[in-house]
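Trainee: Next input, structure requested:
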Amino acid sequence: MHDNDDYPPSSPQQEHAYAALTPDLVLDALASVGLWGDGRLNPLSSYENRVYQVWLEDGSKVVCKFYRPGRWSDAAIAEEHHFSQQLADAEVPVVAPLQLGGHSLLQHGGFRFSVSPWRGGRQPDLDDWEVLEWVGRFLARIHTVGEAQPFAHRPSINAQDFAREPHDWLMAHGAIPPGQRSAWSDACRRATDKICEIIDPGSATGHFAAGSFRSLRLHGDCHPGNVLWVPPENQGGGPHFVDLDDTRSGPAVQDLWMLLSGDRRQQSAQLSTLVEGYEQFRPFDRRELVLIEPLRTLRLIHYSAWLARRFDDPIFPIHFPWFGSEAYWQEQTQLLQAQRIAMDEPPLYV
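Mentor: So this is what the prediction gives:
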């Protein structure tokens, strides 16, 4: 329950775009590209898009992803698919969309969708050093492919898109209760200024490539939930990387820090193991370690704005009922204040 029923701001009651995405439409979409479902669908965990595991009449399974209307351009999605295929061609274990009728980006019933092979697996045990090292090796291979060419239609990770613009949107749309607006805004601005000092000294752009850090194509959202682990004794065992929906350009360390957990000592040990695996294939620039806390801070700010922008989607109030309360924004203010202190501390070491 929200402390103030006016937050997040209400909007006129209207049917969300995904309301039209019925099970029949999902099956019809697959049939339109020659894939015949047997009627069984299993919704998979995804908030940004709608994703279904679908059983086909021949006994196989596929994953069908329906893209959120208005989020990415066709060109940006095509770049995601092209990058996925480049990785697959380089024998990096990613799950790339299928080419059906010569296309990977498909359309039916007013929705854009893609179809991928189903891959089983579970979240990796990141307390296992062998698993961490293995993941590090494959992240290095992703980045080797990623540095071969830049994106033309997909954005980078930067302070403007991940902090300044989200701040301004939240303030302009009344997403923050009056009692928390000033404190949160001040904490956000101070944290953002600190981020820009670290990323790009002497400039307010907050673009990694504008400063002393190299930018390349990344997975972009490499947290444990986007890594499927298959036991090594099975065919194709090891890590498999899924969901490149957030693939962007940025520093290599972006794909490492979200795999860390625990206290500072534990995170340093985990990072050392990831880098040990990584450097079996390519060097890791240790100057990027200073970017971990700025990247964490950017994610905090961006996440709050993402929730606010999506709250007209009925799935969001169900799964995030605590969002928008006085307590939520008070906690976010405290987290941003703590992050500003963390950004002044020495970085993790490897």
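
Trainee: So Leu218 sits against Arg248, correct?
Mentor: Yes - counting by C-beta atoms under 8 Å, Leu218 touches Arg248, with 6.1 Å between them. From N, CA and C alone the C-beta is placed, and that goes for glycine too.

Trainee: So those two - more neighbours on which side?
Mentor: Leu218 (26 against 22; other C-beta atoms under 10 Å).

Trainee: Which parts of this protein are strands?
Mentor: With DSSP state E as the criterion, the chain has strands at 37-43, 50-56, 61-66, 106-108, 111-117, 216-217, 227-230, 238-241, 249-250.

Trainee: Looking at the ones you listed, which is nearest to Met343?
Mentor: strand 249-250 (17.1 Å; C-beta to C-beta).

Trainee: Name the residues contacting each of Leu218 and Arg248.
Mentor: Common neighbours of Leu218 and Arg248 (criterion: C-beta atoms under 8 Å, 6 or more residues apart in numbering): Ile157.

Trainee: re the thing from before, turn the strands of the chain into JSON lines, columns for distance to Arg340, mean pLDDT and mean neighbour count.
Mentor: Shown next, in JSON lines, are those (distance: least, C-beta to C-beta, whole Å; pLDDT from 0 to 100; neighbours: other C-beta atoms under 10 Å):
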{"stretch": "strand 37-43", "distance to Arg340": "39", "mean pLDDT": "95", "mean neighbour count": "14"}
{"stretch": "strand 50-56", "distance to Arg340": "36", "mean pLDDT": "97", "mean neighbour count": "19"}
{"stretch": "strand 61-66", "distance to Arg340": "37", "mean pLDDT": "98", "mean neighbour count": "20"}
{"stretch": "strand 106-108", "distance to Arg340": "45", "mean pLDDT": "97", "mean neighbour count": "17"}
{"stretch": "strand 111-117", "distance to Arg340": "40", "mean pLDDT": "97", "mean neighbour count": "19"}
{"stretch": "strand 216-217", "distance to Arg340": "28", "mean pLDDT": "97", "mean neighbour count": "24"}
{"stretch": "strand 227-230", "distance to Arg340": "30", "mean pLDDT": "90", "mean neighbour count": "20"}
{"stretch": "strand 238-241", "distance to Arg340": "32", "mean pLDDT": "90", "mean neighbour count": "20"}
{"stretch": "strand 249-250", "distance to Arg340": "21", "mean pLDDT": "96", "mean neighbour count": "24"}
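
Trainee: and of the ones you listed, who's closest to Ser185?
Mentor: It is, among these and with distance given as C-beta to C-beta, strand 249-250, at 25.5 Å.

Trainee: Quick one: residues contacting the most centrally placed residue in the chain.
Mentor: Computing the C-alpha centroid of the chain and ranking residues by C-alpha atoms, centre = their mean puts Asp221 first, at 3.1 Å. When contacts are counted by C-beta under 8 Å, 6+ apart, Asp221 touches 243, 245-247, 258.

Trainee: switch the cut-off to 6 Å
Mentor: Listed by C-beta atoms under 6 Å, 6 or more residues apart in numbering, the contact set of Asp221 reads Asp246.

Trainee: Now it, what are its backbone angles?
Mentor: Phi and psi for Asp221, reported as degrees, to the nearest 10, are phi -140, psi 50.

Trainee: Of the strands of the chain, which is nearest Phe316?
Mentor: strand 50-56 (12.9 Å).

Trainee: From the rest of the structure, what touches that closest one?
Mentor: Applying C-beta under 6 Å, 6+ apart, the set of residues contacting strand 50-56 is 18, 21, 26, 35, 37-38, 40-44, 61-66.

Trainee: now the longest helix along the chain, how far from the centre of its chain.
Mentor: For the chain, the longest helix by residue count, based on DSSP state H, is helix 178-199. Relative to the centre of its chain, helix 178-199 is centred 22 Å away, using C-alpha atoms, centre = their mean, to the nearest Å.

Trainee: go on, stretch 29-40?
Mentor: That offset, for stretch 29-40, works out to 28 Å (C-alpha atoms, centre = their mean).

Trainee: Just the C-alpha atoms of that stretch, please, in PDB.
Mentor: What follows is stretch 29-40, C-alpha atoms only, in PDB (Å, rounded to 0.1, in the frame of the first residue of the first chain):
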ATOM      1  CA  ALA A  29       1.900 -15.100 -34.500                       C
ATOM      2  CA  LEU A  30       3.900 -18.300 -34.500                       C
ATOM      3  CA  ALA A  31       1.700 -19.900 -37.100                       C
ATOM      4  CA  SER A  32       2.200 -16.900 -39.400                       C
ATOM      5  CA  VAL A  33       5.900 -17.900 -39.600                       C
ATOM      6  CA  GLY A  34       5.300 -21.600 -40.000                       C
ATOM      7  CA  LEU A  35       5.600 -22.700 -36.300                       C
ATOM      8  CA  TRP A  36       2.600 -24.600 -35.000                       C
ATOM      9  CA  GLY A  37       2.000 -24.600 -31.300                       C
ATOM     10  CA  ASP A  38       0.200 -27.400 -29.600                       C
ATOM     11  CA  GLY A  39      -1.700 -25.000 -27.400                       C
ATOM     12  CA  ARG A  40       0.600 -24.900 -24.400                       C
END
